[in-house]
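# predicted model follows, preceded by the sequence.
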Amino acid sequence: MKPWQTPGDFCGGIPLADRKSLSCEAPIRFAGTPHHLLYPLDLPSGHRAVPIVRAGDSVKSGMPMAICPDGFDPPICATSSGIVIFQEGPSHLGPDTPLIGIETDGLDLKSPPLPRLEGEALCPEQVLERLHACGILGMGGAGFPTNEKIKRLWGPLQLLIINGAECEPFLTCDERALREKANEVLRSAELLARIFNIPRILVALESSRTSAMASLRTALNTGEFSLCGLFALPDRYPAGGERQLIQTVSGLRMNGGTHPVDHGMLCLNVQTVLAVGAAIEKGESLTRRIITISGSGIQQPSNLDVLIGTPIEFLLEACGGIRPGLQHLILGGPMMGFSVSSTQIPVTKTTTALLVLDPSELPAPSNAVEQPCIRCGACMDTCPQGLLPQSLHDQVRAKRMAEVESLHLLDCIECGCCDVVCPSLIPLTDRFRAGKKLLRRYLADERLARKAQSRHQARLARLQRDQLEREQEAEARKNALGQGAQPQIQEALERARLKRAQRLNAAKDSGKTDDSEPN
Amino acid sequence: MTLIAVLLIVGLFGLLGLLLETLASRMPTNEESLVLEIEALLPQTQCAQCGFPGCRPYAEAIARHEADINQCPPGGDPLILALADLLGREPMAADETRGRQKDPAVAVIDEPRCIGCALCLKACPVDAILGASRYLHTVIADECTGCELCIPSCPVDCIEMVDRPAYGRLSR
């Protein structure tokens, strides 16, 4: 029996050196207000937001500054007070991503919070609307709007899972949040459970996070939170991936297009739950988040409570700066994060960490020379989604998109496990990321082509039918004239003659009356 | 005895022959299925740049060896390679006299200038233009294949090609 066939476990994955002790002991502190706050207009979903303020306008914390045209993503809100500026900015999203920014005034004025939702107003519709207005989205990394996540629901929810797993090395922000705000997290979760009638809440975190477990137990022992329970996850990357978490907790392997809510489960990150609680109870917009600043290149690794939009330069200073010689900056965890080259990049709602690493600390070497695939199959055994990375790699390189789709490339969660185990040092995840873009494009083209084909065929059929009808009509008319139409013609002529005679008579009569009238 | 055996075998063969014949008539012929396979590779813009009135006729011509595999500008080199792969022919350079591969585009009608003549409705191969005589016309961007056939039909030149809107979230 392979290890992942035991209940309460997920497929594949790899154990990683956790390196969490660097930052997990220092309490969370507020980073302060920087001179500039910047927000990329390109949103995690791929849409671009449209600004609703002009340069020079003054804004207060919580005011919406840009909205998504189709209303899918929540608005981009100011996170402090100041004057609006615009900038073409460097960003990890691409060099030409426009940014909207604030030159802060240091006063941190807040726009009046929305009213607390209670009593009648505490219904699902109003709560979802509130989550949208307050800018709540998944803070674990993917940035899917929380209200949209719940909206997909069509049946009752059975389980709310609070995802406290941070399987990536170095990351401790959610653990710190659980240790310091366990009560708050559980209270928000229970509030959400009452609104959406969820009978059970599980807080899931890795079994090695004992301090966070302890503070959660203390909170649970007060007896205040009757719906909540704890769930210990295996210490293996990627235990915190949504699909892996669901598989571990419920044994269910979700296929392709389904989402947890389709199976009656809702999975939310710890910080998302905190933000949801604040939005419902205090009407506060999401303006801050907790971020881990760590790595061997940081003087004082710690967890900071930062304003969203803070440039990372400011955070590096707040942690004592970078150790000389180390310049490798990573936004996010070492497995799934992005290397960044500029320190002007702002923190977004989905940024979990800022790491300064020695290249040797990366789980998968980044600039190694790639060797040919030796068909060892290690990537296949380690893939937590049960895909076939080596076949996928071949097909992606050959750009055979139909095969790539049938090998379920879109199910790849880009966790990077295959990169770590590959003895030939092939950067598989990078290839898959590029392949996904190509595949999405191919599928969109394919869908358009099939639609155009059927519309063209329908048009041809219609033209043919029209032609046939016209021909039949002409034929019918000709036939009618040709054979034995003589009586009808005679009749018609008779009718016309009669009508003319009547008209003449009528004219004669009216002529008489006309003559008599003047007398 | 021998006679019975002979009759039996002849009867059996006759029956099997009939069965095979009916089954075969239900299957598409070789050429038909080849046409379908070729057509599935073509981009379905129905732009007629290949010299045939649509993607289907071009596919039929290829299957009958009456047309080269390099006559489709919207398909570009990837299509030539795919067709060469499918048909076992040599890949060849694209025939640039028929046009060049362009970025995906859709037609847009400049509505203030439209006189409602309904000529473009007849030109559109996929019925992607909505309108009626003496009423404003508009292009349904989602249905437009970017074939540019409507452009020459417009007497007031009010149709333009613009980049196709970015591929949005793909529902799965």
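Alright, I've got the coordinates. Residues are numbered from 1 along each chain as shown, chains lettered A, B, ... in the order given.

# mind giving me the domain ranges of chain B?
Structural domains annotated on chain B: B:30-98, B:105-163, as defined by automatic domain parsing.

# ok, which of the ones you listed comes nearest A:R323?
For the domains of chain B, proximity to A:R323 was assessed by CB to CB; domain B:105-163 is nearest, at 46.9 Å. For every residue, glycine as well, the C-beta is placed using N, CA and C.

# one step back: I'd like to know which of the domains of chain B is closest to A:L220.
For A:L220, the closest of the domains of chain B is domain B:105-163, at 52.2 Å, according to CB to CB.

# what segments of chain B are strands?
B:105-109, B:129-130, B:138-139, B:159-163 (DSSP state E).

# of the ones you listed, which is nearest A:I52?
Closest of these to A:I52 is strand B:159-163, at 25.1 Å (criterion: CB to CB).

# so which of the strands of chain B is nearest A:T287?
For these, proximity to A:T287 was assessed by CB to CB; strand B:159-163 is nearest, at 36.4 Å.

# note down every partner strand of the closest one and its orientation.
strand B:105-109 (antiparallel) (DSSP bridges).

# output the strands of chain B in a markdown table; the columns should cover mean pLDDT and mean neighbour count.
What follows is the strands of chain B, written out as a markdown table (pLDDT from 0 to 100; neighbours: other CB atoms under 10 Å in any protein chain shown):
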| stretch | mean pLDDT | mean neighbour count |
| --- | --- | --- |
| strand B:105-109 | 92 | 19 |
| strand B:129-130 | 92 | 18 |
| strand B:138-139 | 92 | 17 |
| strand B:159-163 | 91 | 15 |
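
# picking up where we left off before, now the domains of chain B as CSV including distance to A:E224?
Formatted as CSV, the entries for the domains of chain B read as follows, by distance: least, CB to CB, whole Å:
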stretch, distance to A:E224
domain B:30-98, 62
domain B:105-163, 53
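
# out of the helices and strands in chain B, which is least certain?
Averaged element by element with mean pLDDT, DSSP states H and E, chain B has its least confident helix or strand at helix B:30-41 (a mean of 87).

# avg pLDDT for stretch A:253-271?
For stretch A:253-271, the mean pLDDT works out to 87.

# for that stretch, measure first residue to last.
For stretch A:253-271, the first and last residues are 26 Å from each other (CA to CA, to the nearest Å).

# most centrally placed residue in the chain?
All of this refers to chain A. The C-alpha lying nearest the average C-alpha coordinate of chain A belongs to A:F144 (CA atoms, centre = their mean; 3.0 Å).

# oops, wrong one, chain B.
Using CA atoms, centre = their mean, the most central residue of chain B is B:C55, at 2.6 Å.

# could you check how many residues crowd around the residue nearest to that one when sequence neighbours are not counted?
Taking CB to CB, 6 or more residues apart in numbering or on different chains, and ignoring the residues beside it in sequence, B:C55 has B:L42 as its nearest neighbour in space, at 4.2 Å. A count of neighbours around B:L42, defined by other CB atoms under 10 Å in any protein chain shown, yields 23.

# in space, what's closest to A:L37 - neighbours in sequence excluded?
Sequence neighbours aside, A:G309 is the residue nearest to A:L37 in space, at 3.5 Å (criterion: CB to CB, 6+ apart).

# right, and that neighbour touches A:Y39 too?
Yes: between A:G309 and A:Y39 there is a contact under CB atoms under 8 Å: 5.1 Å.

# shared neighbours, those two?
Shared contacts of A:G309 and A:Y39 (CB atoms under 8 Å, 6 or more residues apart in numbering or on different chains): A:101, A:346, A:348.

# save those as a markdown table, and put in neighbour count too.
Supplementary listing: the shared contacts of A:G309 and A:Y39 in a markdown table, determined by neighbours: other CB atoms under 10 Å in any protein chain shown:
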| residue | neighbour count |
| --- | --- |
| A:G101 | 22 |
| A:P346 | 25 |
| A:T348 | 22 |
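
# from those, which land in strands?
Counting by DSSP E, the shared contacts of A:G309 and A:Y39 place A:G101 in strands.
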